[in-house]
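Chemist: Next one to model:
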Amino acid sequence: MTDVKHDPHEAGAVIDHFRSVDSAPADYAVDRPSSGTNGFLVTFAGLSIIAMCIRTFLVHSGLVHLPRDLVILSDGRGTVVFPLRLFLVMFFLTYAIHAYSNIWRRVFIGVSLLGKYALFCIVIDTLAWLLHEAGIISISVFGAQMISGLIALGIFPHTILRQAQLPPQGPLPLDPRIPLSAFLKLAGCLVFAIAGAAIALNVLYDLVEVLKSWAILGGIGAGVFLMQQLLAVSTAALGVRALKKSRRHEFSPPAAILVPAHNEAHDIEDTIVAVDEAAQTYPGQIHLYVVDNASTDATHDVAERIIRECTNITGTVLDCPTPGKAIALNLGIEHITEEFVVRIDADTVIGPRCLETAMRHFANPLVGCVGGIPMPREERTWIDKCRLIEVYMRHGFFQVSLDGYQGVMGIPGMFAIYRRSQLLEVGGIVQGMNGEDTDICMRLAAAGYHSVADPSAVYYSETPASYAHLREQRTRWFRSIYHLTARNRAILFDRQTMIGTFVLPFNLVNAARRAMLAPLLLFATIAGLAFQSTFTTLQWQPIVATLLGMSMIMTVVVCLIWRPSSVKYIPAYLCFRLLRSYFTLASTLSLIYPPMHPHLPRTLLRQKRA
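Modeler: Numbers count the residues shown, from 1 in each chain. The predicted model follows:
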């Protein structure tokens, strides 16, 4: 490392170097402090207590007979295990109160969320009652609650996408060439997972009941939990096979390494040296482009000095005075002459054979982007250790499962390789929003190319050194799902791309589930400790299974496959998942909603919003 890292004048820059104009894009996000999320949880707890007190009075007063949740026509169809609908009403109401907008917009958000949810609940309960009375099928109260819960996971992102101030639809050259085999692979794995779960629930009924009592299966239903894991395992097996086949090719054309750098004087030496070392095993020529993006430290001078000392690559330092990573990337792409562009963050160190391994996949002309596995550079802090398990699960398992049916939605910009001609074809790197690295992969998919995530291409990336850095990073990451969906809304449910048909909708629902997890546990704690006499049928197992359960078993298995010694970090990782839920909730609260003015005509409102 250089002396710059220890320069006292640079200490502040090193500590806060993670903050940039990309942290909260001015048009689509606000940098709300932690008090915003904490205020949400306090309000949510208060409203929940009030609602439970009212429920307790009505139940124990004898004035009226009510079920323990907001269900109707429930006689003869079982009891309430958990007041899920009451939780969702409290969550939606609290979100409307804390949404970043004026009072009229907040009222409209609340009416929209609660109105849609109430309508679906009434329809579900009425239909379930009619089917029960007709003797056709009896849908239990628990089943109706679970159905309405799944619908709520769709209502939340739908309302956000309809009302929040989000990026407009971008240029989308729709020319999908996703082969039918990819859809057939996913369909086959889905049938296998559903059949496997159904067989297990019927043939292994006693074992399933034991697992449910141990909170291994449960949550939104034992069958759904089991089906999810079987689907992930079967598609991951296909992904391993596809990666091995794709890796057999020999392909090593000239490549340009593009490194955008904002105040990275303390880190960029390691990045450049790693590229030089990787070039030793890569047969093609490599030219490095460092784009100094409005740095206020010695990034430019350090980069030039290290490039001069390199023996296997040539390099150039470009200046980009306008802040913004996407701006710096597009400037670099304009100067590059090589066809293949390797994007590397300035805090990332690639492995010795990373380039050689990743580039092989481009022998297939329909591959649009290739990435690897972002290992943490150290394992000292609790953040490092949690990140290690997260990487194994996300990039060492779930991304591989997406490889099985060409469903990789995004490649992290820490290390990603593109064809320059394809980048230009789909409009370059988007500016002014979060998730520009995933956005380019989604637009490549719309143009008929697919992405590959190969965990054999190992690189090492910076892990947040502080809680503040972690909060900034995760809020930005989790907010991006809404920016990405808005900008690529044309492919949502398009039935032409694997991403639009299945992966993007799943990610939206999963983001909603993760945002609700911390409030759900808070709600369950209040109900179980303070209102046990009211919610007499409350069971803790489904709640615990939501956080632990089968996902914990899968985490252990994946860690044993990758590195058995990492299993000891799993307890910390399970707690970290709760923190991720907190940050996911914070990301939704950072979204901007345009204010409403009910005294203005609707046409004028539309003009003001445009």
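Chemist: which residues of the stretch 51-200 of the chain score low on pLDDT?
Modeler: 62-65, 172-174 (pLDDT under 70).
Chemist: Can you tell me which helices and strands the host helix or strand of residue 41 packs against?
Modeler: Residue 41 belongs to helix 34-61 when elements are defined using DSSP states H and E. Packed against helix 34-61 by the contact rule (3 or more Cβ pairs under 8 Å, 6 or more residues apart in numbering; DSSP states H and E) you find helix 84-98, helix 504-530, helix 570-589. Every C-beta, even on glycine, is put in place using the N, C-alpha and C of the backbone.
Chemist: I'd assumed residue 318 was in a strand, is it?
Modeler: Yes: assigned with DSSP: H, G, I helix; E, B strand; the rest coil, residue 318 falls within a strand.
Chemist: Now do it: how many residues are near it, please.
Modeler: Number of residues near residue 318 (other Cβ atoms under 10 Å) recorded here: 19.
Chemist: ok, now which ones touch the residue nearest to it when sequence neighbours are not counted?
Modeler: Once flanking residues are discounted, residue 318 sits nearest to residue 291: 4.8 Å by Cβ to Cβ, 6 or more residues apart in numbering. Under the criterion of Cβ atoms under 8 Å, 6 or more residues apart in numbering, the neighbours of residue 291 are 258, 259, 260, 261, 317, 318, 319, 320, 328, 329, 331, 332.
Chemist: So what are the sheet partners of whichever strand or helix holds residue 291 and their directions?
Modeler: Taking DSSP H and E as the criterion, residue 291 maps to strand 286-293. If you go by DSSP bridges, strand 286-293 pairs up with strand 255-261 (parallel), strand 314-320 (parallel).
Chemist: Alpha carbons of the first one, in PDB - could you do that?
Modeler: Output in PDB follows, covering the C-alpha atoms of strand 255-261 (Å, rounded to 0.1, in the frame of the first residue of the first chain):
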ATOM      1  CA  ALA A 255      -9.400  -7.100 -23.400                       C
ATOM      2  CA  ALA A 256      -9.800  -3.600 -21.800                       C
ATOM      3  CA  ILE A 257      -9.900  -3.400 -18.000                       C
ATOM      4  CA  LEU A 258     -12.100  -0.500 -17.000                       C
ATOM      5  CA  VAL A 259     -11.700   0.800 -13.400                       C
ATOM      6  CA  PRO A 260     -13.800   3.700 -12.200                       C
ATOM      7  CA  ALA A 261     -12.200   5.300  -9.100                       C
END
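Chemist: Just checking, which helix or strand succeeds that strand along the chain?
Modeler: Trace forward from strand 255-261 with DSSP H and E and the next one is helix 268-278.
Chemist: so who does residue 396 touch?
Modeler: 373, 455, 558, 561, 562.
Chemist: quick revisit: mind checking how far the residue nearest to residue 318 is from residue 316?
Modeler: To residue 316, residue 291 is 9 Å away according to Cβ to Cβ, to the nearest Å.
Chemist: Likewise for residue 580?
Modeler: Between residue 580 and residue 316 the computed distance is 39 Å (Cβ to Cβ).
Chemist: which of the contacts of residue 396 has the most neighbours?
Modeler: That'd be residue 373 among these, by other Cβ under 10 Å, with 25 neighbours.
Chemist: Whichever strand or helix holds it packs against which elements?
Modeler: Using DSSP H and E, the element containing residue 373 is strand 367-376. Applying 3+ Cβ pairs under 8 Å, 6+ apart, one finds that strand 367-376 contacts helix 354-359, helix 382-393, strand 415-419, helix 436-446, strand 450-461.
Chemist: can you list contacts of the first one?
Modeler: Spelled out, that is helix 354-359. The contact list for helix 354-359 (Cβ under 8 Å, 6+ apart) reads 247, 251-253, 255, 278-279, 281-284, 286, 340, 342, 370-372, 415, 417, 454, 456-459.
Chemist: Pull out the buried residues from that helix.
Modeler: Across helix 354-359, burial judged by 16 or more other Cβ atoms under 10 Å covers 354, 355, 356, 357, 358, 359.
Chemist: Ok, stretch 294-309 next?
Modeler: Buried residues in stretch 294-309, counted by 16+ other Cβ under 10 Å: 294, 295, 297, 298, 299, 300, 302, 303, 306, 307.
Chemist: TSV please, covering the residues you listed and showing secondary structure.
Modeler: Shown next, in TSV, are the buried residues of stretch 294-309 (three-state DSSP):
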residue	secondary structure
294	coil
295	coil
297	coil
298	coil
299	helix
300	helix
302	helix
303	helix
306	helix
307	helix
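Chemist: Quick check: of those, which lies closest to residue 152?
Modeler: residue 294 (43.0 Å; Cβ to Cβ).
Chemist: So for the closest one, what's the pLDDT?
Modeler: Note for residue 294: predicted pLDDT of 91.
Chemist: and if you look at the one 4 residues further on?
Modeler: Per-residue pLDDT puts residue 298 at 93.
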